[in-house]
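> Quick one, fold the following:
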Amino acid sequence: MTNLPSLQTITSQIITLPERPPAMLQDHIAEFYGVPSKVIGQAVSRNPERFPDDFAFRVTDAELASLRSQNVTSDQVRYAILAFTEAGALALSGVLKSARAAEVSVMVHRGFVALRQHREARAHDTNMRLRHLTFVRKPIWGSLKDMINQGEAYAQIQRTITRPEWQLLEMLADMLALGLIDTLPKGTPDAPRIPRKSIQTTQNALSSPSPVQPLRSQTATAATQTDMFQAREG
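Below is the predicted model of the structure:
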């Protein structure tokens, strides 16, 4: 079958509204399944038992206005359109009973799976970062801040904080960017160009009341990242 949407295209049309599960708008799924949008609405109206609230829901006016502001949907849409969760999108393909809908529904399922995997990977990466900051960096930041407030020069700090120079410079740069210190200690050399995680992630670690969240069972990826942090911090 020709002119099928790519996985990337499908995934790009999955939206997440506040307090709603990931979903796909009626107009977008109609385009993917190759039918007019009104056919989608008719299918739901004629088969309400197939589309409970966790399968399909109507987007409220406020949600629709938010989507318009993000250019997710056209300004020409004046009604409360439907949104379909992964289960609803698959149920819809069964109601439409077309070869295209059946084929595209497999790709839609893969799109939702890809989105979940991406979010889980980001959550795991953030969790590892928070654990690293909590147990390694934050205690050192406190000592650094005290020494800087006492006017100690970089050379003295380097003798006290027994860390590799690149790591010390990185921590000082982070503290300056986060506003934990107003200036670098006297005699601080130029910091090397070291790739670092976003400052926003670091801010989250500082403000989180419970910065360490339960980890999933150790996977090869998690073990690799843990080894990397230990090697860099050792």
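
> Got the domain ranges for the chain?
When the chain is parsed into structural domains using automatic domain parsing, the resulting residue ranges are 7-97, 121-212+220-233.

> Where does residue 41 fall, secondary structure wise?
Taking DSSP states H and E as the criterion, the element that holds residue 41 is helix 37-46.

> Centre of the chain to stretch 11-25, how far?
Between the centre of stretch 11-25 and the centre of its host chain there is 13 Å, according to Cα atoms, centre = their mean, to the nearest Å.

> and if you look at stretch 84-93?
Taking the mean C-alpha point of stretch 84-93 and that of its whole chain, the gap between them comes to 23 Å (Cα atoms, centre = their mean).

> ok, residues contacting that stretch?
Residues from elsewhere that reach stretch 84-93 (Cβ atoms under 8 Å, 6 or more residues apart in numbering): 21-26, 29, 33, 40, 43-44, 50-51, 54-56, 101-102, 104-105, 108-109, 112. Where you see a C-beta, it was placed from the backbone N, CA and C, and this is true even at glycine.

> Repeat that for stretch 96-114.
Contact partners of stretch 96-114, identified using Cβ under 8 Å, 6+ apart, comprise 1, 4-5, 7, 10-11, 14, 22, 24, 29, 32-35, 39, 43, 86, 89-90, 92-93.

> Just these: which are in helices?
Residues from those lying in helices, with DSSP state H as the criterion: 7, 10-11, 29, 32-33, 39, 43, 86, 89-90, 92-93.
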